[in-house]
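1. Need a 3D model of the sequence below.
(one chain, ligands or ions: 2)
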Amino acid sequence: MPQMSHSEYTAALKEEISSLKRSKNAVILAHYYTTPDVQSVADFLGDSLALSQQARKTDARIILFAGVHFMAETAKVLSPDKKVLLPSLDAGCSLAESCRADEFAAFRAKYPDHKVVSYVNTSVEVKALTDVCCTSSNALQVVESFPREQPLIFAPDRNLGGYIQRLTGRDNMVLWDGACHVHEEFSLESILKLKREHPAARTVVHPECREYIVRVADFVGSTAAILDYCGTDEADEFIVVTEAGILAEMRKRYPHKKFIPAPPTDSTCGCSECRYMKMVTLEGIRDALRDETPEIVLDEEVRRAAAKAIEEMIKIR
Ligand code: 13P
Ligand code: SF4
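-> Ligands and ions are numbered 1, 2, ... in the order given. Next comes the predicted model:
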């Protein structure tokens, strides 16, 4: 029997996934940081905020989350009656893992008069200890929804927290000391070199990056905000300082523009990739849909407490 080429194999896998989706009444939600192949089988592609809103309103029986663990947990929190599948349970997040619930509970106990704002990149147990969740799209609005005199804990990303602190001038905000390994690793030297080589390019930066990187940005924003900015700004070239998966959507939306990925300090591929997001594969999606496992299962009391914090966020935006 003749061997299938790689593209025939990929096309056959995509066909299998689409027929499983139909027969099982499943929907695939994917983050922009997954691979282009994975993005191509998604029913909905979005950043963290859009994905949580979509997870809440879908009427499918199964949500397959093409993303990382905390995202699938968020979907289950918001849609407890649906079966939520995550193709690889190893797809974690260095940021979420930098904030363990027991340590966070002890930290929170030191600031009894503080309200807690936490980024959705946290475990469900940390969300259950939170007053209002946020994503990078709405962190500013969420923080500003509290009266200025209200002291806050912001967790777990120290870079996003510091950025919001600088924007709002709020000095009564305590930051948890966590970070994302992808966004922390960009090299300032390489970005400055790219800026010299492409003087007309705009530099777009995710707020999970370090302060000295944010300072050289022309635009700072979440994944969705960066995508929109590249469409509305008149520039033809952009230096992209965030996870490289976003490039596929940029090139699809704006084929006449040029996108240059910024490299991290220590890079072999020349761009910055989240190894957890890349654990989601077409084979993994096919197997998870076929076998209806691995499934996200949550403790109901913890889920309810986490749901309150996420619903508060959705009310704000
Ligand atoms: P957003 O999707 O909010 O831009 O967050 C980026 C991220 O790191 C997701 O893990
Ligand atoms: Fe977590 Fe960073 Fe990967 Fe996003 S890019 S999932 S914050 S490790």
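
2. Return the residues of the chain in contact with ligand 2.
-> Counting by Cβ under 6 Å from any ligand atom, the residues of the chain close to ligand 2 are 33, 68, 93-95, 121, 180-182, 243, 274, 276-277. In this view, the C-beta of every residue, glycine as well, is placed from N, C-alpha and C.

3. out of the residues you listed, who's near ligand 1?
-> 121, 180.

4. The residues of the chain next to ligand 2 in helices, which ones?
-> 94-95 (DSSP state H).

5. Tell me which stretches of the stretch 101-250 of the chain form helices.
-> Assigned by DSSP state H, counting those that start in this stretch, the helices in the stretch 101-250 of the chain fall at 101-109, 124-127, 139-144, 158-168, 188-197, 211-214, 223-232, 246-253.

6. Quick check: which of the ones you listed is buried the most?
-> helix 124-127 (a mean of 24; mean count of other Cβ atoms under 10 Å).

7. So what touches that helix?
-> 70, 73-74, 77, 96, 99, 101, 104, 118, 120, 133, 155-156, 298, 302-303, 305-306, 309-310 (Cβ atoms under 8 Å, 6 or more residues apart in numbering).

8. go again using 6 Å as the cut-off
-> Helix 124-127 is contacted by residues 73, 99, 101, 104, 118, 133, 298, 302, 306, 309 when judged by Cβ atoms under 6 Å, 6 or more residues apart in numbering.

9. Which one (most neighbours) among these?
-> residue 133 (31 neighbours; other Cβ atoms under 10 Å).

10. Now for residue 178: which residues touch it?
-> Here residue 178 is in contact with 95, 98-99, 156-157 (Cβ under 6 Å, 6+ apart).

11. Pick the one among the residues you listed closest to ligand 2.
-> Of all the contacts of residue 178, ligand 2 sits closest to residue 95, with 4.1 Å by Cβ to the nearest ligand atom.

12. Spit out the contact partners of the closest one.
-> Residue 95 neighbours (Cβ under 6 Å, 6+ apart): 121, 156-157, 178, 180.

13. Now the terminal residues of stretch 174-188, how far apart.
-> The separation between the terminal residues of stretch 174-188, taken as Cα to Cα, to the nearest Å, is 27 Å.

14. My error: substitute stretch 272-290 in the last question.
-> For stretch 272-290, the first and last residues are 32 Å from each other (Cα to Cα).

15. Figure out how far it is from the centre of its chain.
-> Here stretch 272-290 is found 15 Å from its chain centre; the criterion is Cα atoms, centre = their mean, to the nearest Å.

16. Report the distance from stretch 27-34 to the chain centre.
-> Mean-position distance between stretch 27-34 and its chain equals 10 Å (Cα atoms, centre = their mean).

17. One more: stretch 115-122?
-> 13 Å.

18. Ok, stretch 94-110 next?
-> 19 Å.

19. Could you do stretch 234-245 as well?
-> Worked out by Cα atoms, centre = their mean, stretch 234-245 lies 17 Å from the chain centre.

20. Just the residues contacting it, thanks.
-> 32-34, 182, 186, 194, 198, 200-206, 230, 257-262, 271-274.

21. Kindly recompute the last result at 7 Å.
-> 32-35, 182-183, 186, 191, 194-195, 198, 200-206, 209, 213, 223, 226, 230, 246-247, 257-262, 271-274, 277 (Cβ atoms under 7 Å, 6 or more residues apart in numbering).

22. start to end distance for it?
-> 23 Å.

23. Give me the buried positions along it.
-> 235, 238-245 (16 or more other Cβ atoms under 10 Å).

24. So which of these belong to strands?
-> Of the positions in the buried residues of stretch 234-245, 238-241 sit in strands, assigned by DSSP state E.

25. Of those residues, which is the nearest to ligand 2?
-> Closest to ligand 2, out of all of these and judged by Cβ to the nearest ligand atom, is residue 241, at 12.6 Å.
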